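Asks: Build me a model from this:
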Amino acid sequence: MLQCSRMISRIESVTSYVLFELVGSVIRFPFWWYGEGLHDMIEWSREGLRYRWRSYGIALWVKHFFVPMYGAYDWPGRLISVLVRFVMIIARCFAIVVEAMVYAVLLFLWLFAPLFVVSMFLLSLFQGTFLTFASFGAPAY
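Replies: Just a heads-up that it's a prediction; the model follows:
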């Protein structure tokens, strides 16, 4: 009798696990993906852009825009310093914009990835093997 109750208890625990944990996680997944997961993805993108902004040092380049490089206070030295800094600021701003676009594409993919996966699953379900097996005739090759 004791073994039978242990067996029923195990069956109940497995059934409970399958119903509440696995099925519940499938139901909770979209809420997490578009809620907390999206928030985390946005924060990750913001932190990445902040890090790149600091590592490129664009604010420092702008702050020292008119300061001569290497202490060259003559006109050719000042002109070369301004031109070099101008090119570097433009190049680094371009790099930040490109990286921001990459983060935007990643956020776009994050938003539409589950919809794409579900639509491809349904498409394969209804156009693939499901219709072949559901039809009464021979499969069309």
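Asks: Distance of Val18 relative to Val118?
Replies: With distances taken as CB to CB, to the nearest Å, Val18 is found 22 Å from Val118. Where you see a C-beta, it was placed from the backbone N, CA and C, and this is true even at glycine.
Asks: same thing with Leu125?
Replies: 10 Å.
Asks: Secondary structure element for Leu109, which one?
Replies: helix 75-127 (DSSP states H and E).
Asks: now that helix: mean pLDDT?
Replies: Averaging pLDDT along helix 75-127 yields 92.
Asks: Mind giving me the packing neighbours of that helix?
Replies: helix 38-56, helix 58-63 (3 or more CB pairs under 8 Å, 6 or more residues apart in numbering; DSSP states H and E).
Asks: which one of the ones you listed has the lowest average pLDDT?
Replies: When I compare the helices and strands packed on helix 75-127, helix 58-63 is least confident, with a mean of 90.
Asks: in that one, what's buried?
Replies: Within helix 58-63, the residues that count as buried by 16 or more other CB atoms under 10 Å are Ile58, Trp61.
Asks: Over to stretch 105-125?
Replies: Those would be Trp110, for stretch 105-125 by 16+ other CB under 10 Å.
Asks: Contacts for that stretch, please.
Replies: Phe29, Pro30, Trp33, Tyr34, Gly37, Leu38, Met41, Ile42, Ser45 (CB atoms under 8 Å, 6 or more residues apart in numbering).
Asks: try 7 Å this time
Replies: With contact meaning CB atoms under 7 Å, 6 or more residues apart in numbering, stretch 105-125 is reached by Pro30, Trp33, Leu38, Met41, Ile42, Ser45.
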